[in-house]
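Novice: One predicted model, sequence on top.
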Amino acid sequence: MTLPVHCPVKGRAIPMRSVPDPVFAESMVGPGIAIDPDRAEGADTDAVAPVDGTVVTLHPHAFVVLTPSGRAVLVHLGIDTVKLKGEGFTLHAVKGETVRAGQRMITWNPAEVERHGYSPVCPVVAVEAKPEQLAELRESDEVEHGDQIFIWSA
């Protein structure tokens, strides 16, 4: 069974190894790709669900959606953004909610994150997957909300 994973933020897809955090760069949580988000000056942007499922973890800076098949996808909005303590992030979902791919989850401002001294790069992680389970990784393309960024095989 394959699971298409869709782009949660508009920007440029980059390899996970390029993320400026060893936990993500070394795929300790799982493999995936990252998105270097657009930083239109002063503009807020949405992060959307990458898959259909249930919100099992929700923080201002990150969320996890668990699919009906039991696979979890983590979206982390920036690196070390937990230190912002929610400032600049607006939640549009709640833990336990059933969501559809493309549904708005969080509004945030990548340029503002960068102004605070943090990287706005967004890892999209297939939690606890093996690297060989991911295919068709888009690691150098411009991507829009909803574009398929990789396929996760069971």
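Specialist: Yep, it's here.

Novice: What segments of this structure are strands?
Specialist: Secondary structure of the chain, counting by DSSP state E: strands at 2-6, 11-15, 32-37, 45-48, 53-59, 62-66, 72-76, 90-91, 98-99, 104-108, 122-126, 134-135, 142-143, 148-153.

Novice: residue ranges with poor pLDDT in this protein?
Specialist: Applying pLDDT under 70 to the chain flags the ranges 41.

Novice: and the spatially closest residue to Leu91 that is not a sequence neighbour, how many neighbours does it have?
Specialist: Spatially, and ignoring its direct neighbours in sequence, Leu91 is nearest to Ile106 (5.8 Å; C-beta to C-beta, 6 or more residues apart in numbering). (Each C-beta comes from the backbone N, C-alpha and C, glycine too.) When neighbours are counted by other C-beta atoms under 10 Å, Ile106 registers 23.

Novice: hang on, isn't Ile106 packed against Thr90?
Specialist: Yes - when contacts are counted by C-beta atoms under 8 Å, Ile106 is listed as touching Thr90 (6.7 Å).

Novice: Buried residues, stretch 116-130. List them.
Specialist: Tyr118, Ser119, Pro120, Val121, Cys122, Pro123, Val124, Val125, Ala126, Val127, Ala129 (16 or more other C-beta atoms under 10 Å).

Novice: Same question for stretch 61-69.
Specialist: His61, Ala62, Phe63, Val64, Val65, Leu66, Thr67.

Novice: hmm, back to that, mind listing what the residue nearest to Leu91 touches?
Specialist: Asp46, Ala47, Pro60, Phe63, Leu77, Phe89, Thr90, Leu91, His92, Ala93 (C-beta atoms under 8 Å, 6 or more residues apart in numbering).

Novice: which helix of the protein spans the most residues?
Specialist: helix 110-115 (DSSP state H).
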